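K.L.:
what's the 3D shape of this:
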Amino acid sequence: MTGASFTVVADLDLCQGHQMCQGEAPDVFGFDEDADLVTVLEEHPDESLRPDVVSAVKYCPAMALSITEED
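P.N.:
As a prediction, the model looks like this:
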């Protein structure tokens, strides 16, 4: 385990392919050109990436991203 205490969730039904998340957290989010949708590269990223993921969630125009806290 990498010390992760959160999970990244992408709602592909809401995703509109803006790719803002990829700009904010490129180690966590990718992009499927064919489907025009986000891909989650790292579902349980290291805690050190949390600020980038929080920014990606905050700035997603479609509000398609969320963070689930682990117990």
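K.L.:
And the helices in this structure?
P.N.:
Assigned by DSSP state H, the helices in the chain fall at 20-24, 50-59.
K.L.:
Could you point out which of these sits nearest E70?
P.N.:
Closest to E70 of the helices of the chain is helix 50-59 (CB to CB; 11.9 Å). (C-beta placed from N, C-alpha, C; glycine too.)
K.L.:
What is the closest one packed up against?
P.N.:
With contacts taken as 3 or more CB pairs under 8 Å, 6 or more residues apart in numbering; DSSP states H and E, helix 50-59 sits against strand 6-10, helix 20-24, strand 65-69.
K.L.:
Let me know which of these is tucked in deepest.
P.N.:
Comparing the helices and strands packed on helix 50-59 by mean neighbour count (mean count of other CB atoms under 10 Å), helix 20-24 ranks first with a mean of 20.
K.L.:
contacting residues around it?
P.N.:
10, 28-31, 38, 52-53, 55-57, 59-61, 65 (CB atoms under 8 Å, 6 or more residues apart in numbering).
K.L.:
swap in stretch 30-40?
P.N.:
Contact with stretch 30-40 is made by 8-10, 12, 15, 17, 19, 21-22, 28-29, 41, 64-65, as judged by CB under 8 Å, 6+ apart.
K.L.:
circling back: who wins for proximity to P45 among the helices and strands packed on helix 50-59?
P.N.:
strand 6-10 (6.4 Å).
K.L.:
Can you give the strand pairings for the closest one, parallel or anti for each?
P.N.:
Here strand 6-10 has these sheet partners by DSSP bridges: strand 65-69 (antiparallel).
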